[in-house]
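Asks: Coordinates for the following, if possible.
(chains A, B and C)
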Amino acid sequence: MSIQVGGQLSSTQKFWRFVLYTLLIVFAFVYMAPLYVMVVTSLKSLDEIRGGNLMMPPLDPTFDAWVKSWSYACVGVECTGINKYFFNSFKMAIPAVAISTFMGAVNGYVLTKWRFKGADIFFGLILFGCFIPFQIVLVPMATILGKLGLAQTTPGLVLVHVTYGLCFTTLFFRNYYQAFPDELIKAAKLDGAGFFRVFWRILLPNSLPIIVVTVIWQFTNVWNDFLFGASFASGDAAPMTVALNNVVNTSTSVKEYNVDMATAIYAALPTLLVYVLAGRYFVRGLMAGAVKG
Amino acid sequence: MASLQVNNVIKRFGDVEVLKGIDIDAQDGEFLVLVGPSGCGKSTLLNMIAGLDSITDGEVLIDGKVVNAVHPKDRDIAMVFQSYALYPNMTVEKNMAFGMEMRKIPKAERDKAVMSVAKLLQIEELLKRKPGQLSGGQRQRVAMGRALVRDPKIFLFDEPLSNLDAKLRVEMRTEIKKLHRRLGTTIVYVTHDQIEAMTLATRIAVMKDGILQQFATPQEIYDRPANVFVAGFMGSPPMNLIPAKIAKNGDGLSVEIATADERTLRLKLNGTGKGLSAHVGSDVLLGLRPEAITDLESSDSGGDIQEVECSVEVTEPTGPDMLAVLLLGGIEVVSRMRSSANVHMGEMTKFAVNMSKAVFFDTETEERI
Amino acid sequence: MSSHIDRPAATRGGVLGWLQIHLPKIVLSPTLAITGVFVYGFIIWTTYLSFTKSRMFPVTKWEGISPHVKLWANPVWEKALENLAIFGILYIGIATVVGLILAVMLDQRIRQEGVIRTIYLYPMALSFIVTGTVWKWMLNPGLGLEKLMHDFGWASFKFDWIVNSDMAIYTVVIAGVWQSSGFVMAMFLAGLRAVDDEIIKAASIDGASQPIIYWKVIFPLMRPIFLSSFVVLSHLAIKSYDLVIALTGGGPGYSTALPATFMYSQTFTRNHIDIGSASAVMMLITVAAIMVPYLYSELKAQKGVRQ
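Replies: Take a look at the predicted model:
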């Protein structure tokens, strides 16, 4: 965007470029610091933690804390490690993401390509659901889950996440399909494709980018959720975030910071991995989440 | 192959009437062009013929059968879209065969049909590619191929050339015309480009604001536009419309044009005067095509030529011919003549006006008299 | 022409024809039912609960306005609102400024821009619980930042905000800004990239310097992005729950209580579902006051573009 005149930079320009890069690097260090601290602390022994400081690299790196977190750490009263909860989160996230993404795709299709009277109002009503503070649904949801026998279960959490993820997935697909040429749908209709055939054969095969965006967004949100997990599945079915919080707050005689950090890494790893592998799509989801299509 | 009739068709979106009673009929094998400015309802009408839009009132008949309630896929029509609407996820081959696949035609038969059309359009080497790998002109061909494969009763074209650059557009225009001659299938073609309409059509329907303005052959529309709108819309530069008065001139009639210095310019009406006697003394618009006003040497020999002296305001040589803006009486008019005409800016020159080509419009109703 | 697709002519009558016409609505109906019950039904339910005698369990016995009166008389609620104001203003303000600065810096044809951008944005991929856990450790008065500074030779350095009830709320701000400013940066960067190059060329030919171009030409063009990021951040602030729980647990005492933590503890640990519900209603009203006009204008603008 800045306009460069000629190839050579003047000395004042060079000075400002230097300042600019210095600032950018300083900021980069600040942003990286917590991740760095998390990793090095998890690799230190408790003695080394007490003796050294935050930034000091581990002199004698050990994965003891990682092993302990995975297999022995106390989550509340039970000391069997966080492995169960780690898998709980996957068992919750995979169906929740799949179902809500699929439903969102169908909804987006109907709302843009089979518009009926009042479609815009319906969409507005669905959309508002994305933004309610979930505190407003906690007590009724707990009651209903209890009645359905889904309290403290993973399927219960799947239901909750599908319910409150739907509006976002619908939003994403609607905005994407809005830009999808209507003429293609018309052509398919002339070719003899009906409601479902247009969706399966024409729309879905051309939706890969938005499917990726939606899956990443939903996975990140579901995995990172704490409120629903803590409210509806705090026991054996608890997701990883709830387990992390429990590990950190379980009072033991000695505070094991290295184990806390190792647990935090386990909790962060899946979403961080997704972010590193598909950052572009992650950013697009963030943008779309701000309603801007 | 089939005939097409549109009987008093009306379309309303909510309270807005988009089409206000359209009557058109095209015979078997006709090339019908719907032309008009954007928003005139021509695309809506095409969609209704295709069955993609519902018909509020009136009837559409294909081959003499009312198709109002027939699903688009059962109307035996094929359509070429402005954006080509090729399915991006399918190869050219699959695109072309998709309609047959939906109709459960066996694969061998589909392949055969695709191959023969590909040969006809010379797109055999594109069959395995996806639309994203094609140029605009190639996509256009594939879109036509997809329509041709179906061997429908009627082809519908929705501004198929408007996304091409000027040179390609002219090429494809010729190609479409050749195709029509070869296949003889009825075509309904929507465009906003009056040159496309003139060159392609056997008959043109000029539309504006949901109303059919004129439905006639290209020549008829050019020579005898039904109203001021058609006169202005068809032809480039458009027909000159000159405010004038009809007066009695001995036994015959003449038309009087006011000049800047409050005199009047008088043009005799010989053969063209018929039917105007009722309008003696009233204001009319005199319509003259640019090529009906020329330098003396290149005037039509057969017509009713009258000489008028005009001042030349601007000359615009276009290459093959020359346009000149003249003051005819007090009014600026555009004339078209051969490029070698001896006409110069700022001079007073004698021009030939071919009054046998003149048409007259009522100032009030804007209809042709 | 408009992108409106009309319903095509139906072929068959009877059941199939009916299905064909109503299929879109049938397909949409599960979502409508879910939204109707789980969003709007629950809003009404919770609102109703806030006027009942619900304590440990939700009951339907009418109590009237008294839970709301009790809510507003509760000092913790008062503290929670005060904290929300402090947290909201600082969190939104600082995240916006930092995000904007980062975006403008990254917009200067930076080498390795992709890497740097990735670094700034990764916190957004983390759970607030992870963020809270890490920052809690870093801000640990004994072994954290304080010790680091001492080791660097700054012996008098003292940083005990996290255990200081007057200052603890600011640690929430720090962690929140760290997590969200990258998101603001990404939004602004996208906005900066979308600005028409020719406008900038025109401005520089008119003799405007880089800072003036940003200030007078580019930023005003990005008003919609300021608005979007404000809406997203304020929405996050009002809903903030996880971060406080992981970082301070609402303490020391109740010094970092926020409406969300207040609601949770009233409802699930203090057996006051009535008061908890009343606070949830207040939260909803606050969010709605921001979101409804925003969504309305967004949808209207989209509609305008379509036609």
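Asks: I'd like the distance between the residue of the stretch 201-350 of chain B found nearest chain C and chain A.
Replies: Nearest residue of the stretch 201-350 of chain B to chain C (C-beta to the nearest C-beta) works out as B:G210 at 12.8 Å. From N, CA and C alone the C-beta is placed, and that goes for glycine too. B:G210 is 21 Å from chain A, where distance means C-beta to the nearest C-beta, to the nearest Å.
Asks: Kindly report the same for C:I119.
Replies: Distance, C:I119 to chain A, using C-beta to the nearest C-beta: 5 Å.
Asks: counting contacts, what elements does the helix or strand hosting that residue pack onto?
Replies: In the assignment (DSSP states H and E), C:I119 maps to helix C:113-121. Packing partners of helix C:113-121 (3 or more C-beta pairs under 8 Å, 6 or more residues apart in numbering or on different chains; DSSP states H and E): helix A:11-42, helix A:279-289, helix C:75-106, helix C:168-194.
Asks: In TSV: those, plus mean pLDDT and distance to C:S204.
Replies: What follows is the helices and strands packed on helix C:113-121, written out as TSV (pLDDT from 0 to 100; distance: least, C-beta to C-beta, whole Å):
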stretch	mean pLDDT	distance to C:S204
helix A:11-42	90	15
helix A:279-289	74	28
helix C:75-106	91	16
helix C:168-194	90	15
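Asks: and the stretch 151-293 of chain A, which residues reach chain B?
Replies: Within the stretch 151-293 of chain A, the positions adjacent to chain B are A:181, A:183-184, A:186-193, A:197, A:201-202, A:205-206 by C-beta under 8 Å from any C-beta of the partner chain.
Asks: Mind naming the longest helix for chain C?
Replies: Counting residues, the longest helix in chain C under DSSP state H turns out to be helix C:273-306.
Asks: Let me know the angle separating that one from helix C:75-106.
Replies: On the basis of axes from the mean of the first three to the mean of the last three C-alpha atoms, to 10 degrees, helix C:273-306 is oriented at 30 degrees to helix C:75-106.
Asks: what packs against helix C:273-306?
Replies: Checking 3+ C-beta pairs under 8 Å, 6+ apart, helix C:273-306 ends up next to helix A:119-128, helix A:138-148, helix C:42-49, helix C:66-73, helix C:223-239, helix C:259-264.
Asks: Buried residues in it, which are they?
Replies: The neighbour-count check on helix C:273-306 (16 or more other C-beta atoms under 10 Å in any protein chain shown) flags C:273-284, C:286-288, C:291, C:294-295, C:298-299, C:302 as buried.
Asks: got the angle for it vs helix C:42-49?
Replies: For helix C:273-306 against helix C:42-49, the angle between stretch directions is 150 degrees (the same axes, to 10 degrees).
Asks: Quick one: mean pLDDT for helix C:273-306?
Replies: Helix C:273-306 shows a mean pLDDT of 82.
Asks: report the angle between the axes of that helix and helix C:66-73?
Replies: Using the same axes, to 10 degrees: helix C:273-306 against helix C:66-73 is 90 degrees.
Asks: just the CA coordinates of stretch B:103-111, formatted as CSV?
Replies: Extracted in CSV, the C-alpha atoms of stretch B:103-111 (Å, rounded to 0.1, in the frame of the first residue of the first chain):
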residue,chain,number,x,y,z
ARG,B,103,-32.8,-38.0,-17.4
LYS,B,104,-31.2,-41.5,-16.9
ILE,B,105,-30.0,-41.8,-20.4
PRO,B,106,-27.4,-44.6,-20.7
LYS,B,107,-23.8,-43.7,-20.6
ALA,B,108,-22.9,-44.9,-24.1
GLU,B,109,-25.6,-42.7,-25.6
ARG,B,110,-24.5,-39.7,-23.5
ASP,B,111,-20.9,-40.1,-24.7
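Asks: pLDDT wise, what is the residue nearest to B:R224 when sequence neighbours are not counted at?
Replies: Distances taken as C-beta to C-beta, 6 or more residues apart in numbering or on different chains put B:V359 closest to B:R224, at 6.1 Å, once the chain neighbours are dropped. In the predicted model, B:V359 carries a pLDDT score of 90.
Asks: And for A:I49?
Replies: 80.
Asks: what sits against it?
Replies: Shown in contact with A:I49 (C-beta atoms under 8 Å, 6 or more residues apart in numbering or on different chains): A:41, A:257-258, C:143.
Asks: Can you tell me which one of the residues you listed sits lowest on pLDDT?
Replies: Lowest pLDDT within the contacts of A:I49 is found at C:L143 (81).
Asks: Tell me if I'm right that that one and A:M56 touch.
Replies: No - using C-beta atoms under 8 Å, C:L143 makes no contact with A:M56, being 11.4 Å away.
Asks: what ranges do the strands span in the stretch 251-369 of chain B?
Replies: Secondary structure of the stretch 251-369 of chain B (DSSP state E, counting those that start in this stretch): strands located at B:252-258, B:264-269, B:283-288, B:293-295, B:305-317, B:321-328, B:331-338, B:348-354, B:359-362.
Asks: With adjacent residues omitted, what lies nearest to C:D166?
Replies: That would be C:S255: by C-beta to C-beta, 6+ apart, it lies 7.4 Å from C:D166.
Asks: can you check B:G29 too?
Replies: Nearest residue to B:G29, sequence neighbours excluded (C-beta to C-beta, 6+ apart): B:G184, at 4.9 Å.
Asks: How many residues are close by the residue of the stretch 201-350 of chain B closest to chain C?
Replies: 22 (other C-beta atoms under 10 Å in any protein chain shown).
Asks: ok, now which ones touch it?
Replies: By C-beta under 8 Å, 6+ apart, the contact list for B:G210 reads B:11, B:17-20, B:22, B:40-41.
Asks: quick one: which of the residues you listed has the most company?
Replies: Neighbour-wise, those (other C-beta under 10 Å) top out at B:L19, 27 neighbours.
Asks: For the nearest residue to that one once chain neighbours are set aside, what are phi and psi?
Replies: Once flanking residues are discounted, B:L19 sits nearest to B:K11: 4.0 Å by C-beta to C-beta, 6+ apart. Main-chain dihedrals, B:K11, degrees, to the nearest 10: phi -130, psi 130.
Asks: swap in C:G144?
Replies: Main-chain torsions, C:G144, degrees, to the nearest 10: phi -90, psi -140.
Asks: repeat for the one 4 residues further on
Replies: Main-chain torsions, C:L148, degrees, to the nearest 10: phi -60, psi -50.
Asks: The closest residue to it other than its chain neighbours: which element?
Replies: Once flanking residues are discounted, C:L148 sits nearest to A:N53: 4.4 Å by C-beta to C-beta, 6+ apart. For A:N53, there is no enclosing helix or strand under DSSP H and E.
Asks: A:N53: neighbouring residues, count only.
Replies: 17.
Asks: surely it meets C:G142?
Replies: No - here A:N53 lies out of contact with C:G142, judged by C-beta under 8 Å, at a distance of 11.1 Å.
Asks: related to what we said a few turns ago, mind putting the helices and strands packed on helix C:273-306 into a markdown table with mean pLDDT, distance to B:I195 and mean neighbour count?
Replies: As requested, those are exported to a markdown table (pLDDT from 0 to 100; distance: least, C-beta to C-beta, whole Å; neighbours: other C-beta atoms under 10 Å in any protein chain shown):
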| stretch | mean pLDDT | distance to B:I195 | mean neighbour count |
| --- | --- | --- | --- |
| helix A:119-128 | 85 | 40 | 18 |
| helix A:138-148 | 91 | 66 | 19 |
| helix C:42-49 | 90 | 61 | 19 |
| helix C:66-73 | 83 | 74 | 16 |
| helix C:223-239 | 84 | 42 | 19 |
| helix C:259-264 | 91 | 67 | 26 |
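Asks: between the helix holding C:I119 and helix C:168-194, how big is the angle?
Replies: Relative orientation of helix C:113-121 and helix C:168-194, computed by the same axes, to 10 degrees: 150 degrees.
Asks: What's opposite the closest residue to B:T202 other than its chain neighbours in the beta bridge?
Replies: What sits nearest to B:T202 in space, not counting adjacent residues and going by C-beta to C-beta, 6+ apart, is B:F31, at 4.6 Å. Using DSSP bridges, the bridge partners assigned to B:F31 are B:I187.
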